[in-house]
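K.L.:
here is the input, now give the coordinates:
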Amino acid sequence: MRRTNPGRGATEAGLRRIAVDRATPPGLGGMLRRHLPEGTVYFNIGQTNFTDRVIGAAQSARLRIVPYLHDTIPLDLPETQTPKSRRKFENLLDRADKNADLVLCNSQATKRSLLRHTGLAPSRIEVLLPGLPDMTIGTAPGGPWSDRPYFVTIGTIEPRKNIGFLLDLWRDFDGTDAPQLLICGKRGWLSEEVFARLDSAANVHELPSLPDPQLWALLEQANGLLFPSRAEGFGYPAIEAAHLNVPLICNPLPAFEEVLGQYPIYAAESDSYAWRNKIEQLAQARRGQSGEQNEKRRFRAPEWQAHFNRLFTLL
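P.N.:
Now for the predicted structure:
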């Protein structure tokens, strides 16, 4: 406990006070058998702790095993992942393939990928779209972008998010009237060249740790969200932008086409001219005007209530 941060320590202490039972890892199966009726669902939603020990304990208690898988990106784009993360995901997918009674996933695009990478029968996979959280808009942080057109990109800076592509585009945007690029995400992995470019890029700003209300305020006031990601299972930032009626430029990924339909401006990564042209058009528009133009394709975000209604039906 002394090595634990105070917030986590207080939470764990509170859980111990109200826990029905607890056990060391080898005793997990016995604890589950003592307290849970046969047919109880072990629902793993975060792709963590889905280990042989946990699965074996759940099976010994005759629980139904239902993992929720978010994407197959480590297999689809292995060059964007570390060897450790690839091995970890391969093991997780193998356990799901061999042990899951039902696999839930966040889009039809993810389901197609699961069918491609596993021996799962289509009847063992169901699509369950996530819901959009309540978006409480805070106060946008100020900076050099405050009185100028600016665009936002959201996500950890790692190869899949394709931030280097945006930096290539931004080399053409210079001068006092140039649009600003705000990168809202922490520095991640396998991107040392991009990090070096960020340290000297003009009209580009990193905002790595914004609270959600500030981030959403910044997004709401932006000239657009730029999302050149090479792969997504669902793509929350794009959904949030569409919900706020913010213009969105993104790669034509299957998950986006499925969930967002005709809302985005689709432009392939290979067509940098189209990206630059659309960014220039949105930068010239008075903020708010571009949103008004999107009214004809107003987006209806998936809701958590629908998510849980379908979840309980499936289980």
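
K.L.:
for the protein, which segments count as strands?
P.N.:
41-44, 64-69, 103-105, 125-127, 150-154, 180-184, 204-206, 224-227, 248-250, 265-266 (DSSP state E).

K.L.:
how close does the residue lying closest to residue 80 once chain neighbours are set aside get to residue 20?
P.N.:
Leaving aside its sequence neighbours, residue 80 sits nearest to residue 159 (CB to CB, 6 or more residues apart in numbering; 3.9 Å). In this view, the C-beta of every residue, glycine as well, is placed from N, C-alpha and C. Separation of residue 159 from residue 20 (CB to CB, to the nearest Å): 44 Å.

K.L.:
between these two, who's got more neighbours?
P.N.:
It is residue 159, of residue 159 and residue 20, that has more neighbours when counted by other CB atoms under 10 Å, with 17 against 7.

K.L.:
helices and strands of this structure: which one bottoms out on pLDDT?
P.N.:
Least confident helix or strand of the chain, by mean pLDDT, DSSP states H and E, is helix 289-293 with a mean of 48.

K.L.:
correct me if wrong: residue 307 contacts residue 127.
P.N.:
No: Residue 307 lies out of contact with residue 127 (CB atoms under 8 Å); the separation is 11.0 Å.

K.L.:
which residues are in contact with stretch 233-245?
P.N.:
Applying CB atoms under 8 Å, 6 or more residues apart in numbering, the set of residues contacting stretch 233-245 from outside is 70-73, 105-107, 109-110, 129-130, 132, 135, 154-155, 216, 219-220, 224-225, 227, 229, 232, 247-248, 250, 253, 255-256, 259-260, 263-264, 291, 294-295, 298-299, 301-302.

K.L.:
and that stretch, what's buried?
P.N.:
Within stretch 233-245, the residues scored as buried using 16 or more other CB atoms under 10 Å are 233, 234, 235, 237, 238, 239, 240, 241, 242, 243, 244, 245.

K.L.:
which of these fall within helices?
P.N.:
237, 238, 239, 240, 241, 242, 243 (DSSP state H).

K.L.:
related to what we said a few turns ago, hmm, the residue nearest to residue 80 is touching residue 78, no?
P.N.:
No: using CB under 8 Å, residue 159 is not in contact with residue 78, being 10.6 Å away.

K.L.:
if I read this right, residue 47 contacts residue 71, doesn't it?
P.N.:
No: in this structure, residue 47 is not within contact of residue 71 by CB under 8 Å, at 9.5 Å.

K.L.:
burial measure for residue 152, as a count.
P.N.:
There are 25 residues near residue 152, going by other CB under 10 Å.

K.L.:
mind listing the residues bridging to residue 227?
P.N.:
Note on residue 227: beta-bridge partners residue 250, judged by DSSP bridges.

K.L.:
does it touch residue 153 like I think?
P.N.:
Yes: contact criterion CB under 8 Å: residue 227 and residue 153 qualify, at 6.6 Å.

K.L.:
on that earlier part again, which of residue 47 and residue 71 has more residues huddled nearby?
P.N.:
The neighbour comparison of residue 47 against residue 71 (other CB under 10 Å) goes to residue 71, with 24 against 16.

K.L.:
and the nearest residue to the more buried one once chain neighbours are set aside, how far from residue 77?
P.N.:
With sequence-adjacent residues excluded and distances taken as CB to CB, 6+ apart, residue 71 is closest to residue 233, at 3.0 Å. Residue 233 is 12 Å from residue 77, where distance means CB to CB.

K.L.:
ok, now residue 115?
P.N.:
Noted for residue 115: a distance of 18 Å to residue 77, by CB to CB.

K.L.:
cool, and residue 206?
P.N.:
From residue 206 to residue 77 the distance is 23 Å (CB to CB).

K.L.:
so those two - more neighbours on which side?
P.N.:
Neighbours per residue (other CB under 10 Å) separate residue 206 from residue 77, with residue 206 holding more: 18 against 14.

K.L.:
residue contacts, the nearest residue to the more buried one once chain neighbours are set aside?
P.N.:
Leaving aside its chain neighbours, residue 206 sits nearest to residue 183 (5.1 Å; criterion: CB to CB, 6+ apart). Each residue near residue 183 by CB under 8 Å, 6+ apart is listed here: 153, 157, 163, 166, 198, 204, 205, 206, 207.
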